[in-house]
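Novice: Provided below for reference: sequence and predicted model.
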Amino acid sequence: MEITMLMYLIPSLIMFGCGVYGFITRKNMIAILISLELMLNSVDINFTVFNRYLFPGQMEGMMFTLFAIGIAAAETALAIAIVINVFRAVKKVDIRELTKMKF
Amino acid sequence: MELSYTVAVLIIPIVMFLFLGIVGVKLSKKTAGLLGTCAMGVTTLIAYASALTYFFGTSQGQIVDGVRQQLEVLDITWLQFTENLVIKLGILLDPISAMMLIVITTVSLMVHIYSLGYMDGEKGFQRYYAFLSLFTFSMLGLVVATNIFQMYIFWELVGVSSYLLIGFYYTLPAAVSASKKAFIVTRFADLGFLLGILILSFYTKTFDFVTLTSNPSAAITSAGGATFMGCSVMAWALTLIFMGGAGKSAMFPLHIWLPDAMEGPTPVSALIHAATMVVAGVYLVARLFPVYCLEEGTMTVITVIGCVTALYAAAVACVQSDIKRVLAFSTISQIAFMITSLGVARPELHEGVGYMASMFHLFTHAMFKALLFLCAGAIIHAVHSNEMSKMGGLRKYMPICNIAFLIGCLAISGIWPFAGFFSKDEILVAAYANSPVWGIWLSAVAGMTAFYMFRLYYKIFWWNNPDYGHHTPHEAPMTMTFPLIFLSLVSIVAGFVPFGDLVTWNRGVLHTQIVWAVAGTSTVIAVAAIALATVLYYKENPVPTKMADACRGLWTAAYKRFYMDELYQFITHKIIFACISRPIAWFDRRIIDGTFDLLANVTNSASYAVRKLQGGTIQGYVLVYILGAAILAAVSIICLI
């Protein structure tokens, strides 16, 4: 059986949907961060798949994917640092209870 | 300048006011009082030196061709706005200001000394002396003013110090409302004064008294025949300026504040509301007299107001029962005499005797009225009441006060050789010279004056012998009797001061002689009135009550001051407040404020309604975003298909 582009894109779409759902519904900050990563990774899959099937002779999609992975790593490190500091300050990671700065 | 040391009479009181006002509470009461009195004593000496040098000095340039010169011994440019609009401060010495220096400092010093005894033990003793200094400063500044604007500034300052001193007993509601009333009524009159100043200086291009009065016809013609409502603009200006003077001098119908002002301490009444501040209006008209006497209409207004006030106040004084109120109305009546005297004065009539008479009466009245008020203070001090019904037979207990009060009464009634005889005689001469109507009118009022003063005298010192119980009245302490004795002596001899040589409208010499036709008649009237008062009030008897019952309506009306206060109450509350102020206040509150309140409220409620949109929950934002994107996607797909 030949592996078509759709076989990659459907799991990617499911991953993205899970990411969006998790981002909206989860209350734990770490879980929200994981959901965010899930969305990013699904986009990465799309980049590589489109590059592989639509423009086989070029490398832009691959390059973008590597670039996005790098950015995501840095961003995750930053987000984790914020979460840890917030936890140190208020002893909570539940996003509903982080209302200290709210007027 | 030779007389430039006169400025010390202003500096010492203001420094004393600041000193006593700021650190007074740190001093003991006695120190503060003595300090204030000593400073006032020094001021008095300087003022006397200055005034006597002015009158009798022989230095160069003081008298030219038999006319005393007006000396501007100090002249500072205070504010220079434009070429023409310059406000100066300075000291002008001329016969009337030099005379006023003597009057003010003498009475003020006596009141300072008297208050040491009278106010002994009062709360706020230091504050009282500070205010007295402030008043003395303002009043002296007023009389030496070189220009009308400086006079206006000090005019307001005396108003403020009068307000502060009337309301000295600030815990008594009556004193508080009296001080407010005095301030508001005089302030209302000062509005006219300010308008008058603005109109006058707009046309004449000057504030300066010397410029205005040295060439009065130029001042009158400067308006160039401009008219307003059928009268010339200058007549309006001068009448408005006189309105300010009428307010300060308690002329009818702006007199209502003066009787209430008696709520203040009695020495204050003697100083401010009898001798000095209330004659500021007379002084103002005298200051601008050369200009006034060219404006016939304004002079008639002044005369009529003076005559009406004199009669009205004398009628009210005849029936009052509060001794200070009687004296207050008598003051109003006497000031009206001075105003009338200025109103009837013309340079061509007996060489302008009315002007001299007015200033002369101002001088003598200040002395004997201060004496009467200080006596009243001593009596109130002894009896602890202002009401005549609580007094009687006091001659046995207070002999010095009795004699001093009698001298005051004789002086005000115009009995030779007391001071009032001479000055009142000159006023009557001036009035008869102008028109017999005013002459007869004033003679009648002079008779009433003698009657009500002796009614007061007999009711206090004779009448009956009430039982004073364990609290027997006694003579006042030395600090209080000394001013009484001093002022009594002054009241006896002041009439012999040759005023005709010193204070005249053209600052020259005026040859006066007693016109026996007038003086004799007025003496006969005064003696008759005194005799009537003696018959009625010498001993307790039912005749006065019967007479009051016989004309009950008139008596009640006079007792209620002919309902002037009620009329004011009606006009202000029922007409001005209810018909004008309340609609304006409603408009302001509902329409003006309402519009802006509406704007604010709409913004507020709209923001409140949409505030949930920005709750700060990122997840909520994302949800909305996703749903929105989904809807847009669905719509575009449907459209494409």
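Specialist: Perfect, I can see it now.

Novice: secondary structure of B:Asp593: a helix, I assume?
Specialist: Yes. When DSSP: H, G, I helix; E, B strand; the rest coil is applied, B:Asp593 is found to be in a helix.

Novice: mind giving me the packing neighbours of the helix or strand encompassing B:Leu52?
Specialist: Using DSSP states H and E, the element containing B:Leu52 is helix B:29-56. Where contact means 3 or more Cβ pairs under 8 Å, 6 or more residues apart in numbering or on different chains; DSSP states H and E, helix B:29-56 is packed against helix B:8-23, helix B:95-118, helix B:125-143. For glycine as for every other residue, the C-beta is placed from the backbone atoms N, C-alpha and C.

Novice: what angle separates that helix from helix B:125-143?
Specialist: Orientation of helix B:29-56 against helix B:125-143 (axes from the mean of the first three to the mean of the last three Cα atoms, to 10 degrees) gives an angle of 20 degrees.

Novice: quick check: buried residues in helix B:29-56?
Specialist: For helix B:29-56, the neighbour count (16 or more other Cβ atoms under 10 Å in any protein chain shown) marks B:29, B:32-33, B:35-37, B:39-40, B:42-44, B:46-51, B:53-55 as buried.

Novice: cool, stretch B:110-127 as well?
Specialist: By neighbour count on 16+ other Cβ under 10 Å, the buried set for stretch B:110-127 is B:110-119, B:124-127.

Novice: equivalent analysis for stretch B:454-467, please.
Specialist: By neighbour count on 16+ other Cβ under 10 Å, the buried set for stretch B:454-467 is B:Phe454, B:Arg455, B:Leu456, B:Tyr457, B:Tyr458, B:Lys459, B:Ile460, B:Phe461, B:Trp462, B:Trp463.

Novice: how about the fifth one: what's its closest non-neighbour residue?
Specialist: Once flanking residues are discounted, B:Tyr458 sits nearest to B:Tyr537: 3.6 Å by Cβ to Cβ, 6 or more residues apart in numbering or on different chains.

Novice: so the one you found makes contact with B:Phe461?
Specialist: No. Assessed by Cβ atoms under 8 Å, B:Tyr537 is found out of contact with B:Phe461, at 10.1 Å.

Novice: next one: the helix or strand containing B:Met367 to chain centre, how far?
Specialist: Mapping B:Met367 onto the secondary structure by DSSP H and E places it in helix B:353-383. Relative to its parent chain, helix B:353-383 has a centroid offset of 14 Å by Cα atoms, centre = their mean, to the nearest Å.

Novice: so where's chain A uncertain?
Specialist: A:102-103 (pLDDT under 70).

Novice: tell me the residue of it that sits nearest chain B?
Specialist: Across chain A, the shortest distance to chain B (Cβ to the nearest Cβ) belongs to A:Ile24, at 5.0 Å.

Novice: on that earlier part again, nearest to B:Cys409, out of the helices and strands packed on helix B:29-56?
Specialist: Ranking these by proximity to B:Cys409 (Cβ to Cβ) places helix B:95-118 first, at 18.4 Å.

Novice: which strands and helices sit next to the closest one?
Specialist: Using 3+ Cβ pairs under 8 Å, 6+ apart, the elements in contact with helix B:95-118 are helix B:29-56, helix B:125-143, helix B:266-270, helix B:280-287, helix B:353-383, helix B:478-493.

Novice: what does chain A have sitting close to chain B?
Specialist: Proximity of chain A to chain B is confined to A:Val20, A:Phe23, A:Ile24, A:Thr25, A:Ile32, A:Ile95, A:Thr99, A:Lys102 under the rule Cβ under 8 Å from any Cβ of the partner chain.

Novice: quick one: contacts for the residue nearest the centre of chain A?
Specialist: Closest to where the C-alpha atoms of chain A average out (Cα atoms, centre = their mean) is A:Glu37, at 2.2 Å. Contact analysis of A:Glu37 by Cβ atoms under 8 Å, 6 or more residues apart in numbering or on different chains lists A:Gly19, A:Ala72, A:Thr76.

Novice: so what angle separates the directions of the helix or strand harbouring B:Leu191 and helix B:280-287?
Specialist: Secondary structure assignment for B:Leu191, by DSSP H and E: helix B:173-204. Using the same axes, to 10 degrees, the direction of helix B:173-204 lies 20 degrees away from that of helix B:280-287.

Novice: I'd like the next helix or strand past helix B:173-204.
Specialist: helix B:209-214.

Novice: what packs against that following helix?
Specialist: So helix B:209-214, by 3+ Cβ pairs under 8 Å, 6+ apart, packs with helix B:173-204, helix B:289-292.

Novice: if we use 10 Å, what do you get?
Specialist: Applying 3 or more Cβ pairs under 10 Å, 6 or more residues apart in numbering or on different chains; DSSP states H and E, one finds that helix B:209-214 makes contact with strand B:71-80, helix B:148-166, helix B:173-204, helix B:216-221, helix B:280-287, helix B:289-292.

Novice: what is the neighbour count of the residue nearest to B:Ser358 when sequence neighbours are not counted?
Specialist: Once flanking residues are discounted, B:Ser358 sits nearest to B:Ser341: 3.9 Å by Cβ to Cβ, 6+ apart. Close neighbours of B:Ser341, defined as other Cβ atoms under 10 Å in any protein chain shown, add up to 35.

Novice: same thing with B:Ala533?
Specialist: A count of nearby residues for B:Ala533, using other Cβ under 10 Å, gives 24.

Novice: what sits closest to it if chain neighbours are left out?
Specialist: Per Cβ to Cβ, 6+ apart, closest to B:Ala533 is B:Phe454, 3.6 Å.

Novice: any idea which helix or strand carries that neighbour?
Specialist: helix B:436-461.

Novice: so who does the residue nearest the centre of chain B touch?
Specialist: Centroid check for chain B by Cα atoms, centre = their mean gives B:Val278 as the closest residue, at 2.6 Å. B:Val278 sits next to B:158, B:162, B:248-251, B:255, B:258, B:261, B:272, B:328, B:331-332, B:334-335, B:365-366, B:369 when contact means Cβ atoms under 10 Å, 6 or more residues apart in numbering or on different chains.

Novice: 6 Å - rerun?
Specialist: Residues in contact with B:Val278 (Cβ atoms under 6 Å, 6 or more residues apart in numbering or on different chains) are B:Ser249, B:Ala250, B:Ile335.

Novice: cool, B:Cys318 as well?
Specialist: B:Tyr452.

Novice: and B:Pro544, by the same measure?
Specialist: Counting by Cβ under 6 Å, 6+ apart, B:Pro544 has contacts B:Leu536.

Novice: need the three-state assignment for it.
Specialist: Per three-state DSSP, B:Pro544 ends up helix.

Novice: and it, how close does it get to chain A?
Specialist: Noted for B:Pro544: a distance of 81 Å to chain A, by Cβ to the nearest Cβ, to the nearest Å.

Novice: who touches stretch B:123-140?
Specialist: Contacts with stretch B:123-140, where a contact means Cβ under 6 Å, 6+ apart, come from B:9-10, B:13-14, B:16-17, B:20-21, B:24-25, B:29, B:32-33, B:36, B:104, B:108, B:119, B:154, B:157-158, B:161, B:164-165, B:276.

Novice: which among those end up buried?
Specialist: Among those, those buried by neighbour count (16+ other Cβ under 10 Å) are B:9-10, B:13-14, B:16-17, B:20-21, B:24, B:29, B:32-33, B:36, B:104, B:108, B:119, B:154, B:157-158, B:161, B:164-165, B:276.

Novice: residues of the strand or helix carrying B:Ala528 that come out buried?
Specialist: B:Ala528 is located in helix B:516-537, with elements delineated by DSSP H and E. Using 16+ other Cβ under 10 Å as the test for burial, helix B:516-537 gives B:Val518, B:Ala519, B:Thr521, B:Ser522, B:Thr523, B:Ile525, B:Ala526, B:Ala529, B:Ile530, B:Ala533, B:Leu536, B:Tyr537.

Novice: likewise stretch A:15-33?
Specialist: Quick answer for stretch A:15-33 (16+ other Cβ under 10 Å): A:Met15, A:Phe16, A:Gly19, A:Val20, A:Gly22, A:Phe23, A:Ile24, A:Arg26, A:Met29, A:Ile32, A:Leu33.

Novice: in helices, which of these fall?
Specialist: Taking DSSP state H, the ones among those that sit in helices are A:Met15, A:Phe16, A:Gly19, A:Val20, A:Gly22, A:Phe23, A:Ile24, A:Met29, A:Ile32, A:Leu33.
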